[in-house]
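Asker: attaching a predicted model along with its sequence, questions to come.
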2 protein chains.
Amino acid sequence: MGKYHGKSTTVLKPKTTQEVSEIVKWCNDRRIGIVPQGGNTGLVGGSVPLRDEVIVSLSNMTQVRSFDPVSGTLHVTSLVYYVAPHNHIMPLDLGAKGSCQIGGNVSTNAGGLRLLRYGSLHGSVLGLEVVLPDGTILDQLTTLRKDNTGYDLKQLFIGAEGTLGIITGVSILTPPAPQASNNVILALPRFENVLPLYKTVKRQLSEILSAFEFIDRTAYDLAVKHGQGRALSEGEVEGAQCFVLVETSGGRREHDEEKLNDLLESLLEADEPLINTGVLAQNPAQFSSLWALREGVTEAVSKEGKAYKYDISVPLSTFKECVDLTRERLRSKGLLNEDQVKAVIGYGHVGDGNLHLNVIAKSYTPEIQDALEPFVYELVASHRGSVSAEHGIGAMKTHALHYSKDEVSIAWMKKIKAIFDPNGIMNPGKVLE
Amino acid sequence: MGKYHGKSTTVLKPKTTQEVSEIVKWCNDRRIGIVPQGGNTGLVGGSVPLRDEVIVSLSNMTQVRSFDPVSGTLHVTSLVYYVAPHNHIMPLDLGAKGSCQIGGNVSTNAGGLRLLRYGSLHGSVLGLEVVLPDGTILDQLTTLRKDNTGYDLKQLFIGAEGTLGIITGVSILTPPAPQASNNVILALPRFENVLPLYKTVKRQLSEILSAFEFIDRTAYDLAVKHGQGRALSEGEVEGAQCFVLVETSGGRREHDEEKLNDLLESLLEADEPLINTGVLAQNPAQFSSLWALREGVTEAVSKEGKAYKYDISVPLSTFKECVDLTRERLRSKGLLNEDQVKAVIGYGHVGDGNLHLNVIAKSYTPEIQDALEPFVYELVASHRGSVSAEHGIGAMKTHALHYSKDEVSIAWMKKIKAIFDPNGIMNPGKVLE
């Protein structure tokens, strides 16, 4: 988003863990700051230098060390991404999947579209190799699914955004590729129907449910305006307050289709239907175009204007309220018009309680910024939510950390940082102020 | 197993987190050791005092604080176990489920029979409340599925066996209860068939596979001898070198049965069958009796004699070799006879790489002990395995920790212990020597 620019003069591209270790030790001895960089696809400035740090790019470390087709355990150096080994898939699916890298994904605890099904990286990462800030190599690169021998130190590096060390190796559990995937888009008359719908869908689709994505009407219209959304006709969209995209992934196509058909039928034939209409993908092209509608929202936002992006976790029941209150706030400040804030939209992962709240402006201005912050963070805190569900803290949200973490927790984070990185050379200015 | 006895004079049973905090602070100020105790069902002496520690029993803290039926998030005080709220289930299933407690489960990172399906507690625990060794209450009791705001400190307490603090609150993701469960027992002519069988079963049952349990012939015979195993006839068992119990859990009975029937048929009709025979449970009673065969092994072992229990993670392909080499070792020492070691058996969770290696003796003797240790640990280390897959380190395996963790890791564990518990009052003598 072009928000952060450092003054680094040096980018180093080590090829081995040993080289990373030597670089880090050299920098540590001289108190030189380091910014580890993976695919550099983050959204909160976590991989961008703030001053004159040395950038350690891991782009030359892209080796698959081993893969066990029985257990599905994949062991790679830091940066390999999106291998599809022997009919297995990565347990996460991100918008940036073409260019992000696995070491960065782990460092930022990336979630994405498959979290509902495959869980978080804290569960699927089996082992890590990390170069600590003094150059020591911490080898926790087990490929064991079960290992209860003391503290699970590797967990500290998952989501630490490179502030505690540089991840140089990952072993990760990859699930078998589903034999069949399908999806359906549902148009809902009221937001209030989303939760009952989610319960119904969970009950009926059970273990084959792999995504349950929410798009509000404004976001939908925006996606259509910018070229997505041919799946539903004008008539079908009429009267819809929001939309839900449901995806299934399973082991046998005919069973999955039967479940999905039965679901749609029971939804449409209910006495008080939760949905106005629903369109089931009939072929791979339609499957992709339904996903394009959801994934196209991000692109549409960029085309429409400058976006203030809030990636928050709040209780499912408050998704709409959070969007509405933010819009009201901007309206009450006289900022909701074509020349200032053009739209406030909500979309995201209902299954994970993760709402993407986007405020689309003609340009970034201090007035809008002041109207939004700390307003949005206070709103999140009032629901005991997270000010950063997925994107992390990076450089952008260090000042907002206290809305989601209490004093005791932040004090302990600082103690952890201090013992691993007493000289503060690792990704300085990120996560903790 | 009666191996550890302390000399505690005092058991305290606090009712609130605040009371736990006051007790811990009082003890810390006076340098008095504390042993936190949940259901006291551990197998490695982790919840037993070694000297004169104060026992802090959490048996009076058994409150369900909240449950969200939409997300499946359950929020409890330390000890509640095995609630089945609103058609959801706990994401773990242990032999000790009648008497163990959730705070203890989290402290020991318990795994159990459902790990294959629902993953480890590092993924399913959403939040923890922990009383730290100075009495501070660390509130990480979020119920959010996604929260990327800094270091995930709570992960350190999962599996720390009470050495870093006392867990007083847990929020955990509970999966929806399956609508249908079924199982089948398969008799295999050769151990070598287990891995190809596992691959076939994973491919065919896909997302409905919920257990894949291995029992070697000696373990099977022992279970039958002690009253289990009516499921297979003598003829069906003949020529079997080992057995596999496969369980499915899914959303629709007829689909699941079709998949399981198709699997059995294709296995039996293959040109070179991987199995001799298989028996599919036809009703709930038979379902239970197949499970009783697997779960009855533990009971049979107790009835047969004194057991040296090794709970190890090793590559799946080495399960049999580990059992055979251990038996050979005892034979070569002249210890394999009715008066010393009666049997060496292997069973466990193939899906997780977790082998239960049990050596059943007439009585515990130093000769057997010396023949087994460090032999077994060295064997595990040679495969880069874990000397404790599930049971933890406790008091029993502190000396064996180095077989699974290198010097750097152990040094960092000690640093973590030192900052959280500088006076060493929390469960002294456990995990770290």
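Answerer: That came through, no problem. Numbers count the residues shown, from 1 in each chain, chains lettered A, B, ... in the order given.
Asker: contacting residues for residue A:399?
Answerer: Counting by Cβ atoms under 8 Å, 6 or more residues apart in numbering or on different chains, residue A:399 touches residue A:433. (C-beta placed from N, C-alpha, C; glycine too.)
Asker: that one and residue A:175: what is the separation?
Answerer: From residue A:399 over to residue A:175 the distance is 38 Å, taken as Cβ to Cβ, to the nearest Å.
Asker: residue A:249 too?
Answerer: 9 Å.
Asker: try residue A:4
Answerer: 35 Å.
Asker: ok, now residue A:411?
Answerer: According to Cβ to Cβ, residue A:411 stands 38 Å off from residue A:175.
Asker: neighbour count: these two, which is higher?
Answerer: Counted by other Cβ atoms under 10 Å in any protein chain shown, residue A:411 and residue A:175 do not tie: residue A:175 has more neighbours, with 19 against 13.
Asker: what does the stretch 201-350 of chain A have sitting close to chain B?
Answerer: Within the stretch 201-350 of chain A, the positions near chain B by Cβ under 8 Å from any Cβ of the partner chain are A:202-208, A:249-252, A:255, A:258-259, A:313, A:315-317, A:349.
Asker: now the residue of chain A found nearest chain B: which helix or strand?
Answerer: Closest to chain B within chain A is residue A:123: 2.2 Å, counting by Cβ to the nearest Cβ. According to DSSP states H and E, residue A:123 maps onto helix A:121-124.
Asker: what is the rounded mean pLDDT of that helix?
Answerer: Taken as a whole, helix A:121-124 has a mean pLDDT of 92.
Asker: beyond it, next helix or strand please.
Answerer: Elements were assigned by DSSP H and E; along the chain past helix A:121-124, the next helix or strand is strand A:125-131.
Asker: run through who's touching that next one.
Answerer: A:17, A:20-21, A:24, A:73, A:75, A:106, A:137-145, A:154, A:157-158, A:164-173.
Asker: the stretch 101-250 of chain A: helices as residue ranges?
Answerer: A:102-107, A:115-118, A:121-124, A:154-157, A:194-205, A:217-225, A:234-237 (DSSP state H, counting those that start in this stretch).
Asker: residue farthest from the centroid of chain A?
Answerer: Residue farthest from the centre of chain A, counting by Cα atoms, centre = their mean, is residue A:271 at 37.3 Å.
Asker: so where's the stretch 201-350 of chain A uncertain?
Answerer: Applying pLDDT under 70 to the stretch 201-350 of chain A flags residues A:229.
Asker: can you tell me the SS state at residue A:36?
Answerer: strand (DSSP: H, G, I helix; E, B strand; the rest coil).
Asker: buried subset of the residues of the stretch 201-350 of chain A next to chain B as a PyMOL selection?
Answerer: The buried residues among these can be selected in PyMOL (16 or more other Cβ atoms under 10 Å in any protein chain shown) with this line:
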select buried, chain A and resi 202+204+205+206+207+208+249+250+251+252+255+259+313+315+316+349
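Asker: mind listing the strands the helix or strand harbouring residue A:355 pairs with, and their directions?
Answerer: Assigned by DSSP H and E, residue A:355 belongs to strand A:354-361. Using DSSP bridges, strand A:354-361 pairs in its sheet with strand A:306-313 (antiparallel), strand A:341-349 (antiparallel).
Asker: report the next helix or strand after the shortest one in sequence order.
Answerer: Going back to what we said before, that points to strand A:306-313. Following strand A:306-313 in sequence order, the next helix or strand is helix A:319-332 (DSSP H and E).
Asker: quick one: that next one to chain centroid distance?
Answerer: How far helix A:319-332 lies from its chain's middle: 23 Å, per Cα atoms, centre = their mean, to the nearest Å.
Asker: interface residues of the stretch 1-150 of chain A facing chain B?
Answerer: Selection of the stretch 1-150 of chain A residues close to chain B by Cβ under 8 Å from any Cβ yields A:68-71, A:108-109, A:111, A:115, A:119-120, A:122-124, A:136-140, A:142-150.
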